[in-house]
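Student: Dropping the sequence and predicted coords here.
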Amino acid sequence: MSESYSKNAKSVLLESVEKHKKCCSRIYNDILSLASIKDIDARLDLLERSFRFLKCGSCFGVLLRALFIISGNVTDPAKSYHLELSFESEAERNFCRDKLSENGIDMKETKRKNRYLLYVKDSTQIEDFFAVMGANTLAFDLMNSKILREVRGDANRQMNCDMANIKKTLSAAGKHIEIIAEMKEKGTFIRLPADLRETAEIRFANDQASMAELGRYHNPPISKSGVKHRLDKLVDFYEDIKNKE
């Protein structure tokens, strides 16, 4: 879990919380006080009272914000997507799971050592979580990170595709070069039709060129498919000679 990112997120939440309504202020302070309460029954009782006290449209967002400040963690979205709430007891976790679900926040549950957790790993759900808390800055940061990761992912996929095409081109070129070299050595190269000899000579002299580049080196230039067709015929011609030997 990215502690530094979580600390920064909590700093943002602490600075921007709106507590101008008495109901919101009471809920916010009560939830924050959970951090200093060790008795599990007392903690659960305070949670229950806080959820019962939800009055205005901002109360739930403020409660969620305070709950995240005292028990939440979130990874840096540039690296991965994971937000969790940690509780002292299973009863607390299950109570909050049900209450959050009633208010549109669905989270999965697990246990790590002696802590009971609620978590989400979906970026859209984390955005929604931030939005409900009123943490629009964090939500926008996450969306920007998603866009950047997608752009990088697309670039990597394109690079991998380009590398695969280069390897394929070099592999095919190597085969052609070997065939041409062998035919020249054995004196069978001269038996090729003029158009195949022209393409073979260009291929032999440009072992790393693409089909499109080879086509432009012809006089007059020919298409990429035309180059491929001639090289395929070259291979067929070579194999036919070998079979007759």
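Tutor: Here it is on my side, so go on.
Student: Low-confidence ranges, this protein, go.
Tutor: Residue ranges of the chain with pLDDT under 70: 1-3, 15-20, 139-140, 143, 145, 147-156, 158-173, 245.
Student: try it again with 50
Tutor: Within the chain, the segments meeting pLDDT under 50 span 1.
Student: how about the helices in the chain?
Tutor: With DSSP state H, the ranges of helices along the chain come out as 3-16, 22-32, 40-52, 59-71, 90-102, 123-133, 136-186, 194-205, 211-217, 224-244.
Student: orientation of the third one relative to helix 22-32 in degrees?
Tutor: Here the directions of helix 40-52 and helix 22-32 differ by 160 degrees (axes from the mean of the first three to the mean of the last three C-alpha atoms, to 10 degrees).
Student: tell me what helix 40-52 is packed against?
Tutor: If you count contacts as 3 or more C-beta pairs under 8 Å, 6 or more residues apart in numbering; DSSP states H and E, helix 40-52 packs onto helix 22-32, helix 90-102. In short, each C-beta sits where N, CA and C put it, glycine included.
Student: Mind giving me the packing neighbours of the longest one?
Tutor: Counting contacts by 3+ C-beta pairs under 8 Å, 6+ apart, helix 90-102 is packed against helix 40-52, strand 83-87, strand 108-112, strand 115-120.
Student: Using CSV, write out every CA atom in it.
Tutor: Provided in CSV are the C-alpha atoms of helix 90-102 (Å, rounded to 0.1, in the frame of the first residue of the first chain):
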residue,chain,number,x,y,z
GLU,A,90,-15.5,-8.2,12.2
ALA,A,91,-18.7,-6.7,13.6
GLU,A,92,-17.6,-3.2,12.7
ARG,A,93,-16.6,-4.2,9.3
ASN,A,94,-19.8,-6.0,8.5
PHE,A,95,-21.9,-3.2,9.9
CYS,A,96,-20.1,-0.6,7.8
ARG,A,97,-20.2,-2.9,4.7
ASP,A,98,-24.0,-3.1,5.0
LYS,A,99,-24.5,0.6,5.7
LEU,A,100,-22.2,1.6,2.9
SER,A,101,-24.0,-0.7,0.5
GLU,A,102,-27.3,0.9,1.5
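Student: can you give me how far it is from the chain middle?
Tutor: Relative to its parent chain, helix 90-102 has a centroid offset of 30 Å by C-alpha atoms, centre = their mean, to the nearest Å.
Student: Show me which positions of that helix end up buried.
Tutor: Neighbour-count burial for helix 90-102 flags 92, 93, 95, 96, 97, 99, 100 (criterion: 16 or more other C-beta atoms under 10 Å).
Student: what's the angle from it to helix 123-133?
Tutor: Using the same axes, to 10 degrees: helix 90-102 against helix 123-133 is 90 degrees.
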